[in-house]
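[1] kindly return the folded structure for what I paste below:
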Amino acid sequence: MAKNLYVGNLSYSVTDDDLNQLFAQFGQVDSARVIMDRDSGRSKGFGFVEMADDNEAQAAIDALNGKDNNGRVINVNEAKPRTENNDRGGFGGGRPRGDRGGKRF
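    Purely as a prediction, here's the structure:
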């Protein structure tokens, strides 16, 4: 079964290919993606790697978590599943519907 890994504190110069090569030494990498800011096109400093085998993924976590990569100590752990969050910020500030923030008498 495939395991999705979170890789944090990446150097902003790290590319998808760099990430793939870093993890490929531990086993088959199905995908490696550095997350980019859509406005600036610059790396956000983290990414995700999907590995085909759970044992290989664990070996990568054990070997790479807390290690130096391009001058940065990276964090590697199992990615948490995405959750649906209805309150994503934006307008309204999370107030109940119909509440405009004014005083009530």
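[2] how about the strands in the chain?
    Here the chain has its strands, by DSSP state E, at 3-8, 29-36, 43-51, 68-69, 72-73, 75-78.
[3] and Gln58, which of these is closest to it?
    When the strands of the chain are compared by Cβ to Cβ, strand 3-8 sits nearest Gln58, at 7.8 Å. Backbone N, C-alpha and C define where each C-beta goes, glycine included.
[4] check which residues of the closest one are buried.
    Lys3, Leu5, Val7 (16 or more other Cβ atoms under 10 Å).
[5] please apply the same query to stretch 21-29.
    Neighbour-count burial for stretch 21-29 [16+ other Cβ under 10 Å]: Leu22, Phe23, Phe26, Gly27, Val29.
[6] stretch 51-62 now?
    Met51, Glu56, Ala57, Gln58, Ala59, Ala60, Ile61.
[7] Serialize those residues to JSON lines and add fields for pLDDT.
    Below are the buried residues of stretch 51-62 laid out as JSON lines (pLDDT from 0 to 100):
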{"residue": "Met51", "pLDDT": "97"}
{"residue": "Glu56", "pLDDT": "97"}
{"residue": "Ala57", "pLDDT": "97"}
{"residue": "Gln58", "pLDDT": "97"}
{"residue": "Ala59", "pLDDT": "97"}
{"residue": "Ala60", "pLDDT": "98"}
{"residue": "Ile61", "pLDDT": "98"}
